[in-house]
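# Fold the following for me, if possible:
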Amino acid sequence: MLIDWHTNLALPEHYGDEENGELQTRVKNSASGDPEAHVRHVADIAEKFVVITMYFPLLNTFVPNEFVADYVRPFGDRAKGLACVEPMKPGAPSQLEYAIRELGLHGLKISPVYGGFDPWAREAGDIYRKCVELNIPLLWHQSAGYASKCALEYGNPILLDRVAREFPQLRMIVAHFGQPWIGETAVLLRKNPQIFCDLSARYHRQWQLYNALMLALDYNVTDQLLFGSDFPLRTPTEALAEFRALNDWKGKAMLPEFPPEIIEDIINNRPLELIWPEG
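The predicted structure is shown next:
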């Protein structure tokens, strides 16, 4: 079963000028991230999928939770929508509760890098506590960011180990294999089986992806890896082709092959129940 664990939904007006410029340089395909394109490239291809909301005032990025909730609702059990709130803003836990209980969203995305906050901050702890109370998972953009106001000092995935220790029942996903901190991410997964990691936006960085996967193999955490396209950065079709071609790229030279059967396992055998065991 093909599940795309990381897709984005947005209109151009939801982004600030800098983020729009960044997307134009990074998006390989001609697809926009609007609902019609999402249906054509994601919903018509993947059997199930996760749609992410982005609310990052520091970057002038404002994708409303309502926008994503309205989109995923008709898909029923095929789609999971993730809310986004700013943990350091007053009332953030209540905003999250509204997004889950009233809008029908299924989890939370946050980013210390995009939000410019310390993941150990007291206010952030209130959000983790609310996630546990609501029994929802948390997706982290805990990796690099390229906008001028991104706070890279808060991006290292090792910072999440403390969160995992204090909230062991909180199911979490680290996006993009925590790049560039791929070694730290592999160790984090090995220590914390309740943390998963998606491979979105890694397939075009073949050397980095190869090293990340070989580390995951060495640390015996490939079962915690999830396929994600990061649409519209890549469509699922494009991401699948790049992932399956990992062992074919010329730069690999005489390096060991990453087992193709594990690539297929990551693509086909990661049910939503890993993160939403209640269905």
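
# So, low pLDDT: which residues of the stretch 1-150 of the chain?
17-31 (pLDDT under 70).

# So residue 154 sits against residue 114, correct?
No - contact between residue 154 and residue 114 fails when scored by CB atoms under 8 Å: they sit 9.6 Å apart. Where you see a C-beta, it was placed from the backbone N, CA and C, and this is true even at glycine.

# between the two, which one's more packed in?
residue 114 (26 against 21; other CB atoms under 10 Å).

# Distance check, the more buried one against residue 125.
For residue 114, the distance to residue 125 (CB to CB, to the nearest Å) stands at 19 Å.

# Check residue 138 too.
12 Å.

# can you list residues touching both of those two?
Jointly contacting residue 138 and residue 125 under the rule CB atoms under 8 Å, 6 or more residues apart in numbering is no residue at all.

# more neighbours, those two?
residue 138 (23 against 15).

# check contacts around the more buried one.
So residue 138 contacts 107, 108, 109, 110, 128, 131, 170, 171, 172, 173 (CB under 8 Å, 6+ apart).

# ok, now with 10 Å
For residue 138, the contacting residues are 82, 107-110, 127-128, 131-132, 160, 163, 167, 170-174, 195, 275, by CB atoms under 10 Å, 6 or more residues apart in numbering.

# which of the residues you listed are buried?
82, 107-110, 127-128, 131, 160, 163, 167, 170-174, 195, 275 (16 or more other CB atoms under 10 Å).

# Filter those down to the ones in strands?
Members of the buried ones among the contacts of residue 138 lying in strands (criterion: DSSP state E): 82, 107, 108, 109, 110, 172, 173, 174, 195.

# so the first one sits right up against residue 53, yeah?
Going back to what we said before, that points to residue 82. Yes - proximity of residue 82 to residue 53 meets the contact threshold set by CB atoms under 10 Å, at 5.9 Å.

# Report the distance from stretch 141-152 to the chain centre.
Relative to its chain's centre, stretch 141-152 lies at 14 Å (CA atoms, centre = their mean, to the nearest Å).

# List the buried residues for it?
Those buried within stretch 141-152 under the rule 16+ other CB under 10 Å are 141, 142, 143, 145, 147, 150, 151.

# same deal with stretch 228-248?
Applying 16+ other CB under 10 Å to stretch 228-248 flags 228-236, 238-240, 242-243, 246 as buried.

# The residues you listed: which two are farthest apart?
For those, the farthest-apart pair by CB to CB is 232 and 246; their separation is 21.9 Å.

# re earlier: what would the buried residues of stretch 141-152 look like in TSV with distance to residue 38 and secondary structure?
Below are the buried residues of stretch 141-152 laid out as TSV (distance: CB to CB, whole Å; DSSP: H, G, I helix; E, B strand; the rest coil):
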residue	distance to residue 38	secondary structure
141	19	coil
142	24	coil
143	23	coil
145	23	coil
147	23	coil
150	25	coil
151	29	coil
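
# Appreciated, that's everything.
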